[in-house]
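Novice: This is a predicted model, with the sequence first.
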Amino acid sequence: MRTPALVTVAIVTTFLTGCTSGPAAGGDVPAAGESRGGVVNATPAVGPGTSAAAAAEERTEAPTDAGLSADTEAICAQAGRSADGFEKTLAEDRELLAQVAGESAEAKARAKEKAARDVANFSYALLDMSELAGDPGLKKALAAMGAEVKGLDIAGLGGKRLQSLRSTLDKACGRG
């Protein structure tokens, strides 16, 4: 089942790279960090003194959310979207738990695991955004919200609790 997907990815990759196996026509590849023709080779150099693992680690050290870093407005917008998405997911998880109430113990366990994973993911997102926030009030609010959510299960996240979390976010973002 995965073979057709892998073949498709390989074909698309080959097609998008122009079916070349080496440097662009007539030129060599710039060294890591070097710029040619306005294009910078951001791939770390891998040579006798470096390993592929070290090069991969070097690539992942840069923050992936650099666009949000210290941008209070963007972080508030992202946190709001995350909260909206979590509320929808939470409603779906509750519905799933109700559907499997009469089913096997395994089905119930899978539904509970999914709900717990969704709560943990939302908590992680809040904590991650708190690390990116430059505004001390927003940083503190997001960290507190993430820690609060982390300690709860789906039963502890009722309407009042979600409303309280949303109110905390709105205050920290200057909306309430």
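Specialist: Perfect, I can see it now.

Novice: which residues make contact with stretch 158-176 from outside it?
Specialist: 72, 76, 79-80, 83, 87, 90, 135, 137-138, 140-142, 144-145, 148-149, 152 (Cβ atoms under 8 Å, 6 or more residues apart in numbering). Backbone N, C-alpha and C define where each C-beta goes, glycine included.

Novice: Restrict it to CA atoms and write it as CSV.
Specialist: The C-alpha trace of stretch 158-176 is given here as CSV (Å, rounded to 0.1, in the frame of the first residue of the first chain):
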residue,chain,number,x,y,z
GLY,A,158,-15.3,21.5,30.5
GLY,A,159,-16.9,24.7,29.1
LYS,A,160,-16.0,26.9,32.1
ARG,A,161,-12.4,25.8,32.1
LEU,A,162,-12.0,26.4,28.4
GLN,A,163,-13.7,29.8,28.8
SER,A,164,-11.3,30.6,31.6
LEU,A,165,-8.3,29.7,29.4
ARG,A,166,-9.7,31.8,26.5
SER,A,167,-10.2,34.7,28.9
THR,A,168,-6.6,34.4,30.1
LEU,A,169,-5.3,34.4,26.5
ASP,A,170,-7.5,37.4,25.6
LYS,A,171,-6.2,39.4,28.6
ALA,A,172,-2.6,38.6,27.8
CYS,A,173,-3.2,39.6,24.2
GLY,A,174,-4.8,42.9,25.2
ARG,A,175,-8.3,41.9,24.0
GLY,A,176,-10.1,41.8,27.3
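
Novice: Looking at the contacts of stretch 158-176, which are in helices?
Specialist: Judged by DSSP state H, helices contain the following of those: 72, 76, 79-80, 83, 87, 90, 137-138, 140-142, 144-145, 148-149.

Novice: Now do the strands in the chain.
Specialist: Under the criterion DSSP state E, the chain carries strands at the ranges 35-36, 39-40.

Novice: Pretty sure Leu152 sits against Ala120.
Specialist: No: taking Cβ atoms under 8 Å as the definition, Leu152 is not a contact partner of Ala120, at 10.2 Å.

Novice: list the buried ones in stretch 77-97?
Specialist: Buried residues in stretch 77-97, counted by 16 or more other Cβ atoms under 10 Å: 78-79, 82-83, 86-87, 89-90, 93, 96-97.

Novice: For these, give me a markdown table that also has distance to Asp128 and pLDDT.
Specialist: Shown next, in a markdown table, are these (distance: Cβ to Cβ, whole Å; pLDDT from 0 to 100):
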| residue | distance to Asp128 | pLDDT |
| --- | --- | --- |
| Gln78 | 10 | 94 |
| Ala79 | 10 | 95 |
| Ser82 | 10 | 95 |
| Ala83 | 14 | 94 |
| Phe86 | 14 | 94 |
| Glu87 | 19 | 93 |
| Thr89 | 17 | 94 |
| Leu90 | 19 | 93 |
| Asp93 | 21 | 94 |
| Leu96 | 26 | 94 |
| Leu97 | 27 | 93 |
